[in-house]
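> Quick one: sequence and predicted model below, then my questions.
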Amino acid sequence: QVQLVESGGGLVQAGGSLRLSCAASGRTFSNYHMGWFRQAPGKERGFVAAINWNSGTTYYADSVKGRFTISRDNAKNAGYLRMNSLKPEDTAVYYCAARNRAYYLGRQAASFDYWGQGTQVTVSS
């Protein structure tokens, strides 16, 4: 299995930027699709973005399209989420997740098998 560790969260003012990182270990990272999800207090974990194993396909939630960019570097066993023009409603714990590339790349949290512990992103107004 693959282990995932997120980093890069923090406190930022509205309009600012952050880049989240997801470090993978254990199994070959290129064997997995990757996704980012977020969970705000009192809300369900929701889809943010996803990228397939070779970066050929990306998906974004409508709420982040044009502001967030997902990417990965298989040589470094790492994934990233660049977040620009942050809004207070982006405040949440952000999780990276992995799914075996033998399966389709979906947007549902339930379809991902491995999860990191999360990193807090707080956007002040």
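Perfect, thanks for sending it.
> which residues sit in contact with the residue positioned nearest the centre of the chain?
Geometric centre of the chain, nearest residue: Trp36, 2.2 Å, by CA atoms, centre = their mean. Trp36 is in contact with 20, 22, 48-50, 70, 79, 81, 94-97, counting by CB atoms under 8 Å, 6 or more residues apart in numbering. (Glycine included, C-beta is placed from N, CA and C.)
> What about the residues you listed, which are in helices?
Assigned to helices by DSSP state H, none of those qualify.
> TSV for the residues you listed, including pLDDT?
Below are these laid out as TSV (pLDDT from 0 to 100):
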residue	pLDDT
Leu20	98
Cys22	98
Val48	98
Ala49	98
Ala50	98
Ile70	98
Gly79	98
Leu81	98
Tyr94	98
Tyr95	98
Cys96	98
Ala97	98
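> who wins for neighbours among those residues?
Cys96 (32 neighbours; other CB atoms under 10 Å).
> So for that residue, what's the nearest residue that isn't a sequence neighbour?
Spatial nearest neighbour of Cys96, chain neighbours left out: Cys22 (3.5 Å); criterion: CB to CB, 6 or more residues apart in numbering.
> Enumerate every residue touching the one you found.
4-6, 34, 36, 78-81, 96, 116.
> ok, of the contacts of Trp36, which one's closest to Thr57?
Nearest to Thr57, judged by CB to CB, of the contacts of Trp36 is Ala50 at 8.2 Å.
> My guess is that closest one contacts Tyr104. True?
No - with contact defined as CB atoms under 8 Å, Ala50 does not reach Tyr104; the gap is 10.6 Å.
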